[in-house]
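Undergrad: Generate a structure from the sequence data that follows.
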Amino acid sequence: MSRLRSLFFLPAVAATIFATGGTSIAQAPATSSLTLTADTAEANARTGVVVAKGNVRINFPARQIQATSTQAIFYRNEQRIVLSGDVYVLQQGNSLRGETVTYLVNEGRFVAEPRPNRQVEAIYLIEAPPAPTAPTPATPAPFSPKPQFQQSTTR
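TA: Alright, predicted model coming up:
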């Protein structure tokens, strides 16, 4: 019964995960929302911790983030999300894969850790610099067969 009761608090807790104030540029507006789908979810209104398990999918439009994992734990008070188990994160065309990925909400920063004896994979889109324009050739001075000498005003 307590597990079922805690699920009723899930929307309230999830809605407040990102509703803290601050001046960080990376922070999303206070009215942003995050959509979470999973096989199971449990929220603790007292601690502000939400645990989602099984086929976890996250959509956070304000930050253009989509993620999948086996488990996600939201720590509202710390403004931190820990994704674990075959994590894939996509943000504005950039992607990140790892066994565990921690998203520090206020900083807008991801920290990825691999499985033992493996590596994380990050793919970043890098804008190509603008094509260099051909320099306009300087117009040469007209040719004069007589050298130009400066005249001295002192005699």
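Undergrad: which residues sit in contact with the nearest residue to Thr35 once chain neighbours are set aside?
TA: Taking C-beta to C-beta, 6 or more residues apart in numbering, and ignoring the residues beside it in sequence, Thr35 has Asn59 as its nearest neighbour in space, at 4.4 Å. The way it works is simple: take the backbone N, C-alpha and C, and place the C-beta from them, glycine included. With contacts defined as C-beta atoms under 8 Å, 6 or more residues apart in numbering, Asn59 is in contact with Leu34, Thr35, Ile65, Gln66.
Undergrad: wait, isn't Leu34 in contact with Phe60?
TA: Yes: Leu34 sits in contact with Phe60 when judged by C-beta atoms under 8 Å, with a separation of 4.6 Å.
Undergrad: Turn the contacts of Asn59 into JSON lines, columns for neighbour count.
TA: Output for those, formatted as JSON lines (neighbours: other C-beta atoms under 10 Å):
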{"residue": "Leu34", "neighbour count": "19"}
{"residue": "Thr35", "neighbour count": "11"}
{"residue": "Ile65", "neighbour count": "19"}
{"residue": "Gln66", "neighbour count": "16"}
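Undergrad: Pick the one among those closest to Arg46.
TA: Sorting the contacts of Asn59 by distance to Arg46 puts Leu34 at the head of the list, at 20.4 Å, by C-beta to C-beta.
Undergrad: ok, that closest one to Thr133 distance?
TA: Look at Leu34 and Thr133: by C-beta to C-beta, to the nearest Å, they are 44 Å apart.
Undergrad: For stretch 78-94, which outside residues touch it?
TA: In this structure, residues lying in contact with stretch 78-94 by C-beta under 8 Å, 6+ apart are 17-18, 20, 56, 58, 63-75, 95-106, 110, 112, 122-125.
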